[in-house]
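Peer 1: sequence plus the predicted model coming up.
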Amino acid sequence: MKQLIASFQVDHTRIGYGIFVSRRDVVNGAYVTTFDIRMKRPNIEPAIHPNAMHTIEHVVATYLRNSPFKDHVVYWGPMGCLTGFYFITQTPHAITPREIEKLMRAAYRHMANYTGDVPGATPVNCGNYLLHDLAMAKYEAKRFLKQKWRFTYPPAKRIKSGDRTFFDA
């Protein structure tokens, strides 16, 4: 059996709200960092409704790609478990969750206060343009901003036996 990928080696029973480094690679001298922007406590709280996730994706992606940080944005997209987003950056030096906290808080304040049409929510621009809920997206953004954010994953308990590693979650 193949080894679990890094994101499955995190103890999801202990993850709280916040910004975490999910993965960091060096590609052609640049640091490519995948951040886990965790809006919900997995398996404890209800997941974010797909319509709200889709709206947050559109509004925050537009915000990030028009921000002063835009040249470092590689990707912004939802987690399959609907508990948060992945934010992938490319920078000349390794950046930390604390270094992007201000940007994330600004993006979520933008989402929480957003008015108008959802960017790109047309049949020409989006593969499921009717799958949006601006009111719920604003609610989820406001709720996330009120939480106490963490910046490091809680460690998973690991038991090693020979060449196999077992996890408590």
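Peer 2: Alright, I've got the coordinates.
Peer 1: next, name the residue at the spatial heart of this protein.
Peer 2: Central residue of the chain (C-alpha atoms, centre = their mean): residue 85, 2.3 Å from the mean position.
Peer 1: what bridges to it?
Peer 2: residue 37, residue 78 (DSSP bridges).
Peer 1: from residue 79, how far off is it?
Peer 2: According to C-beta to C-beta, to the nearest Å, residue 85 and residue 79 sit 6 Å apart. The C-beta positions use only the backbone N, C-alpha and C, and glycine is treated the same way.
Peer 1: now stretch 36-45: mean pLDDT?
Peer 2: Averaged across stretch 36-45, pLDDT comes to 96.
Peer 1: how far off centre is it?
Peer 2: Mean-position distance between stretch 36-45 and its chain equals 10 Å (C-alpha atoms, centre = their mean, to the nearest Å).
Peer 1: distance between the ends of that stretch?
Peer 2: 17 Å (C-alpha to C-alpha, to the nearest Å).
Peer 1: what sits up against that stretch?
Peer 2: 7, 12-13, 15-22, 46-48, 79, 81-87, 104, 140, 143-144, 153 (C-beta atoms under 8 Å, 6 or more residues apart in numbering).
Peer 1: which parts of the chain are helices?
Peer 2: 50-64, 97-112, 134-146 (DSSP state H).
Peer 1: for these, could you give me CSV that also reports distance to residue 125?
Peer 2: Below are those laid out as CSV (distance: least, C-beta to C-beta, whole Å):
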stretch, distance to residue 125
helix 50-64, 9
helix 97-112, 19
helix 134-146, 16
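Peer 1: hey, which of those is tucked in deepest?
Peer 2: helix 50-64 (a mean of 22; mean count of other C-beta atoms under 10 Å).
Peer 1: by contact count, what packs against that helix?
Peer 2: strand 73-78, strand 84-91, helix 97-112, helix 134-146 (3 or more C-beta pairs under 8 Å, 6 or more residues apart in numbering; DSSP states H and E).
Peer 1: 7 Å instead?
Peer 2: strand 73-78, helix 97-112, helix 134-146 (3 or more C-beta pairs under 7 Å, 6 or more residues apart in numbering; DSSP states H and E).
Peer 1: closest to residue 65 out of these?
Peer 2: strand 73-78 (5.6 Å; C-beta to C-beta).
Peer 1: what angle sits between that closest one and strand 84-91?
Peer 2: 180 degrees (axes from the mean of the first three to the mean of the last three C-alpha atoms, to 10 degrees).
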